[in-house]
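Asker: take this sequence and fold it.
(2 chains)
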Amino acid sequence: QKEVEQNSGPLSVPEGAIASLNCTYSDRGSQSFFWYRQYSGKSPELIMFIYSNGDKEDGRFTAQLNKASQYVSLLIRDSQPSDSATYLCAVNRDDKIIFGKGTRLHILP
Amino acid sequence: DAGITQSPRHKVTETGTPVTLRCHQTENHRYMYWYRQDPGHGLRLIHYSYGVKDTDKGEVSDGYSVSRSKTEDFLLTLESATSSQTSVYFCAISEDRSTGELFFGEGSRLTVL
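Answerer: Okay, here's the model as predicted:
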């Protein structure tokens, strides 16, 4: 079992709708959790990080963490065409930042 | 933007030749990472460094070695390149591992023929 699992997609969402991206992790020792966005041909960039159970909101983005279920999600409200990208879930375990394979998100105009 | 540069940005080489990729930072960050990115596999950690001369293996370290003799430079060496090492290689730096905020270089595309 890979340490960080994501559905590869593509996930197609109409413009203005909510996009929901999901991630599970296997190691209960994972301490903190991250969402990165990567546009085609570009480098990844950090969108959100979360340490504690519950929700964390930043603008149109909300990260949700459930440590009991080993589950992290990212909600994008009012989706825009510029949100079309690959979203990478990552976990921090003992100085190592481990990434999932990423989910491709396509916002339909 | 974080001051991080990778060189070379593109390289084509032949199987069996040695290859060194360089990552240079001007941010004085403690942590440096090398990842490779391949279709269907996402980003996979090769090696990382938590200080000068302090390095450790990641998920896919076989066939790779690293060195960090100065804070600003982290070198990735393929002693004898193979076709399976054709990939895009990303260097990343981090000041605080608890936030997990990695700043990535622009990537180095390596093709092994």
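
Asker: so where's chain B uncertain?
Answerer: B:1-2, B:97-99 (pLDDT under 70).

Asker: neighbours of B:Leu113, how many?
Answerer: 10 (other C-beta atoms under 10 Å in any protein chain shown). Every C-beta, even on glycine, is put in place using the N, C-alpha and C of the backbone.

Asker: who touches the lengthiest strand in chain B?
Answerer: For chain B, the longest strand by residue count, based on DSSP state E, is strand B:42-51. Here strand B:42-51 makes contact (C-beta atoms under 8 Å, 6 or more residues apart in numbering or on different chains) with A:44, A:88, A:95-102, B:30-38, B:55-61, B:64-66, B:68, B:74, B:76, B:89-90, B:97.

Asker: just the buried ones out of these, please.
Answerer: Neighbour-count burial (16 or more other C-beta atoms under 10 Å in any protein chain shown) applied to the contacts of strand B:42-51 gives A:44, A:88, A:96-102, B:30-37, B:55, B:58-61, B:64, B:66, B:68, B:74, B:76, B:89-90, B:97.

Asker: filter the residues you listed down to just the ones in strands.
Answerer: Applying DSSP E to the buried ones among the contacts of strand B:42-51, the entries found in strands are A:88, A:96-99, B:31-37, B:55, B:64, B:66, B:68, B:74, B:76, B:89-90.

Asker: beta partners of A:Leu75?
Answerer: A:Ser20, A:Thr62 (DSSP bridges).

Asker: from chain B, how far off is it?
Answerer: Look at A:Leu75 and chain B: by C-beta to the nearest C-beta, to the nearest Å, they are 19 Å apart.
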